[in-house]
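**Q** predicted model, plus sequence, below.
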Amino acid sequence: MKGKRYSTEDKIRILREADSGKGIAETCREHNISEVSFHRWKKQFGQMEVNDARRMKELERENSELKKMLAESQLKNRVLEAVCEKNGKPCAQAGNGSAGGRSQDVLGAGGVSDIETFTRDLLVSAQGAD
């Protein structure tokens with residue numbers, strides 16, 4: 001049977017409660033957690049305050065969003081480079097990401113009107129090449 005999942009803030013509050021003089025064993029018994037879990041939390045969140053934990057969670061969320069944006073941008077660049085190769089024309093703006101809103105012109109020049117369809121076809125053909 002799995003126990004309760006504690007939020008980061010709850011874990012820090014439990015750690016502070018034990019630090020206030022109550023004792024580790026008594027605090028663990030009250031919150032129905034093992035001492036092993038307590039020490040693992042102490043190692044992970046030892047000197048952290050609740051506000052620090054909230055800030056860390058916010059930064060992790062922001063970092064995740066930025067990674068997604070970067071991945072989308074890199075995929076878009078690959079699509080533009082593939083279109084340029086298909087056309088046989090050099091496309092300097094596709095490689096450095098400074099298309100300046102002209103990506104539709106490049107796609108239109110290659111005879112591709114729908115970027116999602118082209119991206120799917122490109123990914124399928126790339127998987128077949130492996």
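**A** Sure thing, it's come through.

**Q** pLDDT (mean, whole number) over the helix or strand where Lys67 lies?
**A** Per DSSP states H and E, Lys67 falls inside helix 50-87. Across helix 50-87, the average pLDDT comes to 91.

**Q** show me what it is packed up against.
**A** helix 8-17, helix 92-96, helix 103-109, helix 115-129 (3 or more Cβ pairs under 8 Å, 6 or more residues apart in numbering; DSSP states H and E). Heads up, the C-betas are built off the backbone N, CA and C, glycines and all.

**Q** please parse this protein into its domains.
**A** 8-48, 69-129 (automatic domain parsing).

**Q** those domains: lowest mean pLDDT?
**A** Across these, domain 69-129 gives the lowest mean pLDDT, at a mean of 67.

**Q** from Leu80, how far off is Asn87?
**A** 11 Å (Cβ to Cβ, to the nearest Å).

**Q** that should have said Ala25, apologies.
**A** Ala25 is 62 Å from Leu80, by Cβ to Cβ.

**Q** repeat that for Glu72.
**A** Counting by Cβ to Cβ - Glu72 and Leu80 are separated by 13 Å.

**Q** the more surrounded of the two?
**A** Leu80 (22 against 10; other Cβ atoms under 10 Å).

**Q** buried sites along the helix holding Lys67?
**A** 53, 76-77, 79-80, 82-84 (16 or more other Cβ atoms under 10 Å).
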